[in-house]
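Q: I'll drop the sequence and a predicted model, then ask my questions.
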Amino acid sequence: EADIYQTPRYLVIGTGKKITLECSQTMGHDKMYWYQQDPGMELHLIHYSYGVNSTEKGDLSSESTVSRIRTEHFPLTLESARPSHTSQYLCASSDQGDSGNTIYFGEGSWLTVV
Amino acid sequence: QKEVEQDPGPLSVPEGAIVSLNCTYSNSAFQYFMWYRQYSRKGPELLMYTYSSGNKEDGRFTAQVDKSSKYISLFIRDSQPSDSATYLCAMRNTGFQKLVFGTGTRLLVSP
């Protein structure tokens, strides 16, 4: 079982609020990712990191930002939430080896902006 | 056109049936192919991965890759109600860790 944790699991907030979705992994993985998934739709990569102080934007444009100050921690922040940000956000990690095919996912954070 | 196409289903089968799930793709550079299972309100978990063409078997699951046709399959033998979930295919090219996912196929196995 993957040791990657996301909090909160479910969050309902008002428009304009600042939120941070937390993600931590205890596997010592260098690579971490944030995916966004709407119901019935494919996962879209919005941010990734190859190590401490490394962050890159993914394929899907997102107004969120991320930071990677510690290997195990990869939080995602929305400065001013909008209803269009309502979605499921999945954090993931993988190691540096060629079996970086083994990407481990957290259980997801369901965000609803009202 | 999406890089990876997957029928969203739902696919409904009786318990014990053989299930075939498929994806097609357009990028011939893809070399690594994966299948993830995702239960409702959970994150995806890796079931199988295959490098390049060929078959791979793990218990009741068999993954097949046909690179000439740009087509991958996951077969589930003796399907169980606990197999009811959404199955996502994913793939990437060499030296590039970002995965491209299909939309997922929802599978329902009835007792």
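A: Right, received. Where do you want to start? Note that the structure is predicted; figures quoted are calculated from it, not measured. Numbering: from 1, shown residues only, chains lettered A, B, ... in the order given.
Q: didn't B:Ser73 look like it was pressed against B:Ile18?
A: No. With contact defined as CB atoms under 8 Å, B:Ser73 does not count as touching B:Ile18 (11.5 Å). Quick note: C-beta positions are derived from backbone N, CA and C, even for glycine.
Q: At the contact with chain A, which residues of chain B appear?
A: Chain B comes close to chain A at residues B:2, B:4, B:8, B:32, B:34, B:36, B:41-46, B:49, B:88, B:92, B:97-99, B:101-104, as judged by CB under 8 Å from any CB of the partner chain.
Q: and B:Ser73 and B:Ile18? which has more neighbours close in?
A: Just comparing B:Ser73 and B:Ile18: by other CB atoms under 10 Å in any protein chain shown the higher neighbour count belongs to B:Ser73, 17 against 12.
Q: What confidence value was assigned to that one?
A: pLDDT recorded at B:Ser73 is 97.
Q: and if you look at A:Met27?
A: pLDDT, read off for A:Met27, is 90.
Q: Leaving out sequence neighbours, find the closest residue to it.
A: A:Asp3 (5.3 Å; CB to CB, 6 or more residues apart in numbering or on different chains).
Q: Check A:Gly28 too.
A: Spatial nearest neighbour of A:Gly28, excluding adjacent residues (CB to CB, 6+ apart): A:Thr71 at 6.7 Å.
Q: residues in contact with residue 102?
A: Using chain A here. When contacts are counted by CB atoms under 8 Å, 6 or more residues apart in numbering or on different chains, A:Thr102 touches A:Ser94, A:Asp95, B:Leu46, B:Tyr49.
Q: look at chain B instead
A: By CB under 8 Å, 6+ apart, B:Gly102 lies in contact with A:Glu42, B:Val4, B:Glu5, B:Gln6, B:Cys23, B:Leu88, B:Cys89, B:Ala90.
Q: Tally up the residues packed near the first one, please.
A: For A:Glu42, the count of nearby residues is 21 (other CB under 10 Å).
Q: State the distance from it to B:Pro111.
A: Per CB to CB, to the nearest Å, A:Glu42 is found 30 Å from B:Pro111.
Q: No further questions, thank you.
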